[in-house]
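Chemist: Next come a sequence and a model predicted from it.
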Amino acid sequence: MTTAIATFAKTPSLSPVKTRLAKTIGTDLALKFYLLSLSTVKGIVNKVDAQPYWAIAEKNGIKNPLWADYKALYTEEGCLGLRQHYIYEKLLSKHDRVILIGSDTPQISKNLLDDAIIALDSNDFVIGPATDGGYYLFGGRLSLPAKTWTSVPWSSHLTRERLEALLPTKAHHLPTLTDVDTQQDLHLVTKEMPEEQTHEQQKVIEWIKNHERPVSMHG
């Protein structure tokens, strides 16, 4: 039984990254967080007994040095649903199980990814719910039609709920985590860090403490 883990990412030199976060802390700091989070997630994935892949949003970004560690796949064009569908099906043709994650949950842990893989021994699907109504992880061992992915309202508080309703069997749930979209999310990430943190995760905590929104002194 082989497992693939695909981390979805954007190439900073080709696409804007963390745009909502950038509105409050600025483009340069948002980029720094993105790269720090990306490095942290990569380090966690490297510890797991699975074949890692990058799922890259830009066709001309595949050969960027950022993705030199392991095989980078172009997600093809289309909405987020179609991009996930393409990568999921492509990897499912080579592996028994496929796990899709993003690059903005630096508090993800090796134990959590191991739990996702184990869950697929007895479940067809596994989902890591996100606090905003989406999900930070999707895993499965069954093929899904493109319509399943394209019928979901993306960037909505109903995203995960709608996707789960379209799955042929009930998905196993992992613990809920926060994926970073806004500055307010940063504080939640520090609270959700695993007890045993990697060096990169400690760097994320330190970075967040230095860039959290100041507490208002009125009302």
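Modeler: Ah, there it is.
Chemist: What is the three-state secondary structure of residue 6?
Modeler: With DSSP: H, G, I helix; E, B strand; the rest coil as the basis, the three-state label of residue 6 is strand.
Chemist: again with the one 5 residues further on
Modeler: Following three-state DSSP, we place residue 11 in the coil state.
Chemist: in the chain, which segments are predicted with low confidence?
Modeler: Applying pLDDT under 70 to the chain picks out residues 212-219.
Chemist: quick one, strands of it?
Modeler: 3-9, 51-56, 72-74, 97-101, 125-129, 135-140, 172-173 (DSSP state E).
Chemist: Same list (these) but as a markdown table, adding distance to residue 66.
Modeler: Quick note: C-beta positions are derived from backbone N, CA and C, even for glycine. What follows is these, written out as a markdown table (distance: least, CB to CB, whole Å):
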| stretch | distance to residue 66 |
| --- | --- |
| strand 3-9 | 8 |
| strand 51-56 | 8 |
| strand 72-74 | 9 |
| strand 97-101 | 16 |
| strand 125-129 | 24 |
| strand 135-140 | 20 |
| strand 172-173 | 32 |
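Chemist: wait, which of those is closest to residue 183?
Modeler: In terms of CB to CB, the element of the strands of the chain nearest to residue 183 is strand 135-140, at 18.3 Å.
Chemist: Tell me which strands that closest one pairs with, and in which orientation.
Modeler: strand 97-101 (antiparallel), strand 125-129 (antiparallel) (DSSP bridges).
Chemist: Which one of those lies nearest to residue 35?
Modeler: With distances scored as CB to CB, the stretch of these nearest to residue 35 is strand 97-101 (16.8 Å).
Chemist: Tell me the buried residues in stretch 60-76?
Modeler: Within stretch 60-76, the residues scored as buried using 16 or more other CB atoms under 10 Å are 61, 64, 66, 67, 72, 73, 74, 75.
Chemist: Please report the number of neighbouring residues for residue 115.
Modeler: The number of residues packed near residue 115 is 15, by other CB atoms under 10 Å.
Chemist: List the contacts of it.
Modeler: residue 174 (CB atoms under 8 Å, 6 or more residues apart in numbering).
Chemist: sorry, back to before: output the buried residues of stretch 60-76 in JSON lines, with distance to residue 127 appended to each entry.
Modeler: Shown next, in JSON lines, are those (distance: CB to CB, whole Å):
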{"residue": "61", "distance to residue 127": "28"}
{"residue": "64", "distance to residue 127": "30"}
{"residue": "66", "distance to residue 127": "27"}
{"residue": "67", "distance to residue 127": "26"}
{"residue": "72", "distance to residue 127": "25"}
{"residue": "73", "distance to residue 127": "22"}
{"residue": "74", "distance to residue 127": "25"}
{"residue": "75", "distance to residue 127": "20"}
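Chemist: do you know how far residue 167 is from residue 150?
Modeler: 14 Å (CB to CB, to the nearest Å).
Chemist: I meant to write residue 126 there.
Modeler: 21 Å.
Chemist: who's more crowded, these two?
Modeler: Relative neighbour count places residue 126 above the other of residue 126 and residue 150, with 23 against 14, counting by other CB under 10 Å.
Chemist: Bridge partners for that one, pull those for me.
Modeler: Bridge pairing for residue 126 - DSSP bridges - gives residue 139, residue 172.
Chemist: quick revisit: do you know which of the strands of the chain lies nearest residue 188?
Modeler: Smallest distance to residue 188 across those (CB to CB): 12.2 Å, for strand 135-140.
Chemist: Run through who's touching the closest one.
Modeler: 84, 88, 92, 97-102, 104-105, 108, 112-113, 116-117, 119-120, 124-130, 159-160, 163, 174, 177, 179.
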